[in-house]
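Student: Dropping a prediction and its sequence here:
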Amino acid sequence: MARRAGYMYGALLERGPAGQIGSGLGQTTSLGTITLLPPNLDIVETGQEETVDGVRMSFQLTPGTEAPAEMNIHFPDARVLCIADNAARAMHNILTPRGALVRDPRVWAHYLDEAIDLFGDKSDVLFAGHHWPCWSSGEIVDYLEKQRDLYTYLHDQTLRLLNQGHTGPEIAELIELPPSLASEWHCREYYGSISHNTKAIYQRYMGWFDGNPAHLWEHPPVEQARRYVEFMGGNEAVLEKARACFAEGDYRWVAEVVNRVVFAEPENREARELQADALEQLGYGAENATWRNFFLIGAKELREGVSGTPTATAPPDVVARLTVSQLLDAMAIRLNGPRAAEQQLRIDWTVTDPDEQHQITIRNGVLRHKPGSHDPPAEAALVVEREALNQLLLKTAEIGELAESGRLRVEGDGVKIGELLGLLDEPNPGFAIVTPD
């Protein structure tokens, strides 16, 4: 997700008319230090009131809207409503291009409607996590009603067309907003888009498969590209035809067809340059900021090579706030299943400060963990201070260094610990996107 976020927000593009000019919700992501303050108070229900530093707040829980856990905050004494990220001065994303769970536009619209009922006539100012505020109760209600109807329209019309047999890409070409919404600046496609939002709604209900059996078992991209290019007469023939399409301004088709040549022959400089030119033109013509950034970063990487992920994917303060169970969940998705397929390991893991025990089992290529220790005891046990574990995960300290200092020790068969670590893959924050490798 972080790798694709570098595309979506264009953080590595030069600022200016030919480069990055924004990301729809703001200018771009920060390249500074990412940190996290742990909460000390849980909001568990809508209507819950709390007073912080003398400021009275009333909360509305809105799970499953812009985020799995989300809430709006009303300040009754000031008649101010914080709508969080649930409404912006642009169409939001049902599925963000950087990747995430598909959001539920029906639920999203429901909570915006609830916010109107709860706070509409009790608010003179609305502000959000992005963009500028809204003033006066009447303007606030009108704004929230149109944001509500925006997501409802996309949801309902996608399902209407889905039930007529249209697929996601077809629906994306058919839906247009009604004039009452299309004419509102805050419903424009600066961040979300009708195209990728309607495809996301289709995906939420129907998944990736469009029902056509020809698409059920397609070749992977590289093999598919080689076959397409061969059928079309070879690389030179494809590029010659694509240059003619480029001259006619059909950049969308050029990007699609030349991508086949790039994946069939990644070192073909002519193909990479033509593909980059086409993506660049698509970027310059995009109203949607994240589409522009995707197109322009793609062009940049075709010309200059992979630029990597501009932000830290595991900042220290975030790692420090994760539970041990969450850390072990992260370890489980790093396990190389094929390499671990014949392995059977039982390891007891004790994290001190505070004391916490977990049993780790590897079998059938799967790492499982649960609280407590094995009975009978495992072949090996790892005892580590929590802060030392954080340093180990962040690679700011080596396992030997921590063992020497006494902050980490192995009990029993230390070879088993080595076997476990040897089964873990390292994530690649710089994988290729516009080329196969």
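Tutor: Received, thanks. Keep in mind that this is a model prediction, so the values were computed, not measured. Residues are numbered from 1 along each chain as shown.

Student: mind checking the longest helix of the protein?
Tutor: Of all the elements of type helix in the chain, the one with the most residues (DSSP state H) is helix 137-162.

Student: other SSEs contacting that one?
Tutor: Taking 3 or more Cβ pairs under 8 Å, 6 or more residues apart in numbering; DSSP states H and E as contact, the helices and strands that helix 137-162 lies on are helix 105-119, strand 125-127, helix 168-174, helix 179-182, helix 194-206. For glycine as for every other residue, the C-beta is placed from the backbone atoms N, C-alpha and C.

Student: would CSV of those with mean neighbour count, distance to residue 68 and mean pLDDT be doable?
Tutor: Output for the helices and strands packed on helix 137-162, formatted as CSV (neighbours: other Cβ atoms under 10 Å; distance: least, Cβ to Cβ, whole Å; pLDDT from 0 to 100):
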stretch, mean neighbour count, distance to residue 68, mean pLDDT
helix 105-119, 20, 11, 98
strand 125-127, 19, 23, 98
helix 168-174, 17, 23, 97
helix 179-182, 12, 26, 96
helix 194-206, 21, 14, 97
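
Student: Specify the stretch among the ones you listed that is closest to residue 145.
Tutor: Between residue 145 and the helices and strands packed on helix 137-162, the shortest separation by Cβ to Cβ is 6.6 Å, and it involves helix 105-119.

Student: Check which helices and strands that closest one is in contact with.
Tutor: Other elements packing on helix 105-119 under the criterion 3+ Cβ pairs under 8 Å, 6+ apart are strand 55-61, strand 71-75, helix 137-162.

Student: Could you provide the helices and strands packed on helix 137-162 in a markdown table, with additional columns for distance to residue 232?
Tutor: Rendered in a markdown table, the data for the helices and strands packed on helix 137-162 read as follows (distance: least, Cβ to Cβ, whole Å):
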| stretch | distance to residue 232 |
| --- | --- |
| helix 105-119 | 39 |
| strand 125-127 | 54 |
| helix 168-174 | 21 |
| helix 179-182 | 38 |
| helix 194-206 | 26 |
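
Student: Of all the ones you listed, which one comes closest to residue 230?
Tutor: Minimum separation from residue 230 across the helices and strands packed on helix 137-162 (Cβ to Cβ) falls at helix 168-174, 24.9 Å.

Student: So which elements touch that closest one?
Tutor: Identification of packing neighbours for helix 168-174 by 3+ Cβ pairs under 8 Å, 6+ apart yields helix 137-162, helix 194-206.

Student: I'd like these laid out as a markdown table, including distance to residue 245.
Tutor: What follows is those, written out as a markdown table (distance: least, Cβ to Cβ, whole Å):
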| stretch | distance to residue 245 |
| --- | --- |
| helix 137-162 | 29 |
| helix 194-206 | 21 |
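
Student: For residue 301, find the nearest of those.
Tutor: Across these, the minimum distance to residue 301, taken as Cβ to Cβ, is reached by helix 194-206, at 20.4 Å.

Student: when you compare where the closest one runs with where helix 137-162 runs, what's the angle?
Tutor: If you take axes from the mean of the first three to the mean of the last three Cα atoms, to 10 degrees, helix 194-206 sits at 60 degrees to helix 137-162.

Student: Give the buried residues for the helix or strand following helix 194-206.
Tutor: Where DSSP states H and E defines the elements, the next helix or strand beyond helix 194-206 is helix 221-231. Of all the residues in helix 221-231, those buried under the rule 16 or more other Cβ atoms under 10 Å are 225-226, 228-229.
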